[in-house]
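Peer 1: please find the sequence and the predicted model below.
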Amino acid sequence: MSLATNQQMTLLATIGGCLFRMHEDSMFSVVTMKELVDKTYLQIIGIMKAWPETGDLKKNMLWMNDKIDKWEVFLREAGGFHKLTVLTCICQRGLADLQSQLNSTYKLRLIAELNEPLDKIHGFMDPDCVNFPAYEKADELMNNLYELIKWEWKK
Amino acid sequence: MENRVNTVERKVQDQADQILANASHIVHLQAYVQDLEKVVKRMAKGLDDHAAELAILTRRSTNELSD
C-alpha cells in the first residue's frame, strides 16, 4: 500500500474508531441515533474493505497500528476528547479532509455515502454548528494525527 | 467417446478449481476485514476515556511511589 493509502485508511479508521466509541459507551440514548451510529460503523468497515489495497497487508496494518499507538499517547496528554460532540467533529473533519485531498473518483464515490449519516450525527449534537470549543478540540487532536501520519495538503 | 469424457472431466476440474479459488478469496477477504476491524477497534480503544483515566492514575501512583 502506498503511503497515501495508509494515511487514508488511518483516517477512515479514525472515523470508525469514533463511531465504535459512541457505540461502546452508549453515548446516544435516542434509539434512531444509536442505530445510525451502528449502521455508519458498518459502512466504514465496508468502505475500508473496498478501498484499493496494494503491498504487504501485514506491514500496512503495522504502520497504522504504530500511528494509532502514538496518537493514543497524545490523546492521553491532551485529554478532553471523550465528548460526543468532539467525536462527531473528528468524524466530520476526517471525512472533509479526505474528500478535499482525494483525486480518485472511485474513492470519492465510496466515501460519499458517509456525508449524510455523519452530518445527521453531528447535527443532532450541534444543530447550529456553534460549539466552537468542540471544533477547536477536534482540530487540535486531528492536527497531531496529521503530523504523525505525515499528511500532506496537496490542494 | 473418450474425447468427450476427457472434455467433461476437464470442465468439472476447471469448475472445481474455480470454486476453490473463490473460497480461498473469501477466506482471505474475511481475514482482511477482521484485521481492519482490529485496527478500527484499536483506534476506538485509544479514544476510550476510562482507559485514559486508568493510564493517568497508574502514572500518578508510579510517580508518587518513586517520590
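Peer 2: Right, received. Where do you want to start? These numbers were taken from a predicted model, which means no experiment stands behind them. Numbers count the residues shown, from 1 in each chain, chains lettered A, B, ... in the order given.

Peer 1: buried ones in whichever strand or helix holds A:Gln7?
Peer 2: Using DSSP states H and E, the element containing A:Gln7 is helix A:3-24. Neighbour counts over helix A:3-24 (16 or more other C-beta atoms under 10 Å in any protein chain shown) mark A:5-23 as buried. Using the backbone N, CA and C atoms, a C-beta is placed for each residue, glycine as well.

Peer 1: restrict those residues to contacts with chain B.
Peer 2: A:9, A:13-14, A:16-18, A:20-21 (C-beta under 8 Å from any C-beta of the partner chain).

Peer 1: same list, those, but as CSV with pLDDT please.
Peer 2: Converted to CSV, those look like this (pLDDT from 0 to 100):
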residue, pLDDT
A:Met9, 93
A:Ala13, 95
A:Thr14, 95
A:Gly16, 95
A:Gly17, 94
A:Cys18, 95
A:Phe20, 94
A:Arg21, 93
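
Peer 1: and those residues, which two are furthest apart?
Peer 2: Across those, no pair lies farther apart than A:Met9 and A:Arg21, at 18.2 Å, counting by C-beta to C-beta.

Peer 1: if we can go back for a sec, tell me which strands and helices the helix holding A:Gln7 is in contact with?
Peer 2: Packing partners of helix A:3-24 (3 or more C-beta pairs under 8 Å, 6 or more residues apart in numbering or on different chains; DSSP states H and E): helix A:31-50, helix A:57-78, helix A:84-101, helix A:132-149, helix B:2-46.

Peer 1: what angle sits between the third one and helix A:31-50?
Peer 2: If I follow you right, that is helix A:84-101. Orientation note: helix A:84-101 sits at an angle of 30 degrees relative to helix A:31-50 (axes from the mean of the first three to the mean of the last three C-alpha atoms, to 10 degrees).
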